[in-house]
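Novice: Sequence plus the predicted model coming up.
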Amino acid sequence: MIDQRTIFEIHRLANEGLSVRRIANQLTCNRKTVVRCLRDPNPTRPVVKRASKLDPFKQEITRMLEIDPKASAMVIGQRIASLGFDGEVTILRDYLRKIRGNSKKRQPFIRFESLPGQQCQIDWGHFGSLTCGTTQRKLYCMAAVECHSRLLYLEFTHSQRQETLHRCLVNAFRFFHGSPKELVHDNMLTAVIEREGPLIRFNEAFLTFLLPFKIVPIACNVAQPHEKGKVEKGAIHYIRYNFWPLRSFKDLTDVQAQANHWRDHVANVRVQSTTGEKPVDRFHREAMRPLPDLLPDCRDTALCKVYSDFSIRFDGNSYTVPPWAIGKEVVAKADHHTLTVYFKDKPIATHTRSWEKRAANNLALTGGRRLHQSRGRSENLSRRPYRRQSTHQKEP
């Protein structure tokens, strides 16, 4: 197509009185071109509609957006890549931006970087609920990021209790093969009890937990999530829009298994946009502080009474113990998967932890009645311990 300089020259020569033939000869162009430019000095470029690499996949993209309207370009790109899409993510982002509209304006902030092993940032995210039998349990995710490398650890739980936070942090430090010098977090009650401007009253249980790791806690200012942006945006947001969409789960174990696979095969091996490196390659394991020889016991703990059906009540469920413990007080300790019952600091029963409610209690009562009725006589159950669904030990 003829450029604007030639069009300008055609009009200049025409204004000087030159004929169309002389203008065409002087500018070495066709006379029809000269006539057309004199009639229309601003010709429009013809629009040629070209086929896009996304055209064969737009129907599938629409189907995914109906399932999850907030699915990111990265997640959708991963799904349609298995269907044969070999284009870049930029054309997918442009297409999603076109059908979704422009995003809100973002507030600028100053970015800072940390030395290896200097700082970790942690945060909680709420991910709806999970069906456990007939019970709906809330589902949370605790994310921890080593700030220098952006190495990510995530753990899904059904609570945000003090012991749960400590247990997740111990697992995160094991994953990092050490602990950082600083731990940045928000003002959650499990870390900060009270705050008045810069004056902070930390949770004593939280400080006691951090003491053997020699970690200094740093609480962000109120309503300032950008102060821990590496975990706020780089972890929770990343998990919510890259791991979470278009997935289904059976139980908490299945959620964590899929999360671990995504962490090791996607999150920590991608090229991070800020650093330009893979987190797993940028991570300096030797920069982390070594873990103490004796790690704290962070299991959920409760003092329980053994009832006449030789069971205890823990988190809405019943768990059986040896019948000789009826009437005694025992201590129940549980993590995400296992519950152990102690009497005088010695384990007497171990169960798989149930996230349903009242299901284990019904099984215990039914089993106890059948055991009693099958004998056909009144018998002291403490002489014959009930062993169903658990491993019991003799009285110490």
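Specialist: Perfect, I can see it now.
Novice: All the strands of the stretch 1-150 of the chain, residue numbers only.
Specialist: 119-132, 135-146 (DSSP state E, counting those that start in this stretch).
Novice: Can you add mean pLDDT and mean neighbour count and give these back as a markdown table?
Specialist: Heads up, the C-betas are built off the backbone N, CA and C, glycines and all. Shown next, in a markdown table, are the strands of the stretch 1-150 of the chain (pLDDT from 0 to 100; neighbours: other C-beta atoms under 10 Å):
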| stretch | mean pLDDT | mean neighbour count |
| --- | --- | --- |
| strand 119-132 | 95 | 18 |
| strand 135-146 | 96 | 21 |
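Novice: Quick check: the gap between residue 124 and residue 342.
Specialist: Look at residue 124 and residue 342: by C-beta to C-beta, to the nearest Å, they are 30 Å apart.
Novice: Turn the strands of the stretch 1-150 of the chain into a markdown table, including distance to residue 314.
Specialist: What follows is these, written out as a markdown table (distance: least, C-beta to C-beta, whole Å):
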| stretch | distance to residue 314 |
| --- | --- |
| strand 119-132 | 15 |
| strand 135-146 | 15 |
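Novice: Which among the ones you listed is found nearest to residue 18?
Specialist: strand 135-146 (71.5 Å; C-beta to C-beta).
Novice: Compare the strands of the stretch 1-150 of the chain and give me the one nearest residue 34.
Specialist: That would be strand 135-146 among the strands of the stretch 1-150 of the chain, by C-beta to C-beta, at 65.7 Å.
Novice: strands paired with the closest one, and their directions?
Specialist: Paired strands of strand 135-146, with direction, are strand 119-132 (antiparallel), strand 151-157 (antiparallel) (DSSP bridges).
Novice: what would these look like in a markdown table with distance to residue 35?
Specialist: Formatted as a markdown table, the strands paired with strand 135-146 follow (distance: least, C-beta to C-beta, whole Å):
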| stretch | distance to residue 35 |
| --- | --- |
| strand 119-132 | 67 |
| strand 151-157 | 66 |
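Novice: Go through those and name the closest to residue 27.
Specialist: Among those, the nearest to residue 27 by C-beta to C-beta is strand 151-157 (63.2 Å).
Novice: Can you list the neighbours in contact with that closest one?
Specialist: 127, 139-145, 164, 168, 171-172, 175-176, 234-235, 238-239, 252, 255-256, 259, 263, 267-268, 279-280, 282-283, 336 (C-beta atoms under 8 Å, 6 or more residues apart in numbering).
Novice: can you rerun that using 6 Å?
Specialist: Here strand 151-157 makes contact (C-beta atoms under 6 Å, 6 or more residues apart in numbering) with 140-145, 164, 168, 171-172, 175, 235, 255-256, 259, 267-268, 279, 283.
Novice: How is the closest residue to residue 121 other than its chain neighbours classified with respect to secondary structure?
Specialist: The shortest distance from residue 121 to any non-neighbouring residue, by C-beta to C-beta, 6 or more residues apart in numbering, is to residue 231 (3.8 Å). The three-state assignment at residue 231 reads helix, by DSSP: H, G, I helix; E, B strand; the rest coil.
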